[in-house]
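1. Predicted model and sequence below, questions to follow.
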Amino acid sequence: MTRLHNIETEFDTVISRKNTQSDKWSRYSDDVIPLWVADMDFASPSIIKDAISERLKHGIFGYTAASESLYNSIKNHLSKHYQWTISDSSIVNLPGLVCALHSGVRTFSNQGDGIVVPGPVYYHLTKAAELSEREVLHVEMKLDNQQRWLPDFDELKIACAKENSRMLLLCNPHNPGGTVYTKEELKRIHEMAKQNDLIVISDEIHCDLILEDVPHVPFASLNDDAKSRTITLMAPSKTFNIAGLGFAFAIIENSKLRNQFNKGKNGIVPSPNLLGLVAAQAAYENGNEWHAQLLEYLKDNRDFIRAKLKDTPIKFASLEATYLEWLDVSELKLNNPHTFFLEAGVGLSDGKDFGNSQFLRLNFGCPRAILEKALDRMVDAMKQLP
């Protein structure tokens, strides 16, 4: 139930996802509650389901191009929420963001080049460099005096200035730390990228999941130079729970970079799914009310977690965005925290995949009943520790 209305909402409805080919729910045995991959357990809004149903009536599902109305919905969304004006031509359609990260690194750098990656961070930013035989220039993220995860700016300056540095991979809002970078913080990062002529890939897929009263500032919107060197990655998939429909997009305002990016993915990265195009347009045009209700529910879930675990050794930092809680479990002094809680019946994301094995990532994009049951199991398990 939401704190705002104190009534049950559609987000409280528990929908079984077993035997639905769900990655999230098929990874572990039936006695484990999965709170790992960034995939919510809420039904997508009816406006999306209705739009898909209407499209299905046509009955022909051939190769499909994005419509002008979809581009208009994207542009209007960015203008309304982020005061960012872009052109149709700057939008590059994608089936997802992971392939864009990997193909982007391979397009704009060569083997042996340095890729600056502040972390712990979503593991595909690191993998994109590792799998293409680039050098990962890791920059440690630390808590500031407001308990927000930020890159160590001194380390970042050194990494960006290395002779082989070619690219900077940024995650904003940050996954898994939940930080929404301020405009001033982004300006500091941009100045380093500018001084060292780095291409920036900015993963902004969680930008519509802001839980606090703070603005999201697209990196490319900072100024003309940022616009000229940035590939911005966005999608409606996390916000409206439509990742399985296969639609995302890059915004590349520099035509030279855009042509290079398109050439690099040509013949390798497929076009988006037809139903993903339909769902995205419906979400951006008519999803505002549902979206606002979702954010209220997620805020309540975040606060519920912290109240439930406040008397345990688990520590929390600020969480300004996402439905992903980055849990510091170091005071439990466990050799393998992920296995410990898995044996207690809760499947979390292992922190070592992001860069620190003494952390766990918990996905709270689920009905309260599921979340409460999982947290009870975690508390009970910790009570058994010596």
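-> Nice, thanks for sending it over.

2. Pull the distance from the lengthiest helix in the chain to the chain's centre.
-> Longest helix of the chain, by residue count under DSSP state H: helix 288-308. Centroid displacement of helix 288-308 relative to its chain, using CA atoms, centre = their mean, to the nearest Å, is 17 Å.

3. quick one: residue 22 and residue 186, what's the gap?
-> The spacing between residue 22 and residue 186, counted by CB to CB, to the nearest Å, is 36 Å. (C-beta placed from N, C-alpha, C; glycine too.)

4. More neighbours: those two, which one.
-> Using other CB atoms under 10 Å, the more surrounded residue of residue 22 and residue 186 is residue 186, with 19 against 16.

5. Which positions in stretch 314-323 come out as buried?
-> Buried residues in stretch 314-323, counted by 16 or more other CB atoms under 10 Å: 314, 316-323.

6. Compute the mean per-residue pLDDT across that stretch, please.
-> Average pLDDT, stretch 314-323: 98.

7. Could you report the neighbour count for residue 365?
-> 22.

8. How far does the helix or strand where residue 284 lies sit from its chain's centre?
-> Using DSSP states H and E, the element containing residue 284 is helix 274-286. Averaging C-alpha positions (CA atoms, centre = their mean) puts helix 274-286 19 Å from its chain's average.

9. Please work out which residues outside it touch it.
-> 44-45, 47-48, 50-52, 55, 61, 64, 66-67, 69-70, 73-74, 76-77, 93, 95, 235-236, 239-240, 242, 245-247 (CB atoms under 8 Å, 6 or more residues apart in numbering).

10. Need the per-residue pLDDT for the residue nearest to residue 247 when sequence neighbours are not counted.
-> Closest residue to residue 247 apart from its sequence neighbours, by CB to CB, 6 or more residues apart in numbering: residue 276 at 3.0 Å. According to the prediction, residue 276 has pLDDT 98.

11. how many neighbours does residue 276 have?
-> 27.

12. and residue 147, what does it touch?
-> 317-318.

13. mind checking the end-to-end distance for stretch 146-155?
-> 20 Å (CA to CA, to the nearest Å).

14. and residue 65, helix, strand or coil?
-> Using DSSP: H, G, I helix; E, B strand; the rest coil as the criterion, the local structure at residue 65 reads coil.

15. That one: how many residues sit nearby?
-> Neighbours around residue 65, by other CB under 10 Å: 11.

16. What distance do you get for it to residue 302?
-> 40 Å.

17. you'd agree residue 301 is up against residue 325?
-> No. Contact criterion CB atoms under 8 Å: residue 301 and residue 325 do not qualify, at 9.0 Å.

18. And the pLDDT at the nearest residue to residue 183 once chain neighbours are set aside?
-> Spatial nearest neighbour of residue 183, excluding adjacent residues (CB to CB, 6+ apart): residue 217 at 4.9 Å. Residue 217 carries a pLDDT score of 98 in this model.
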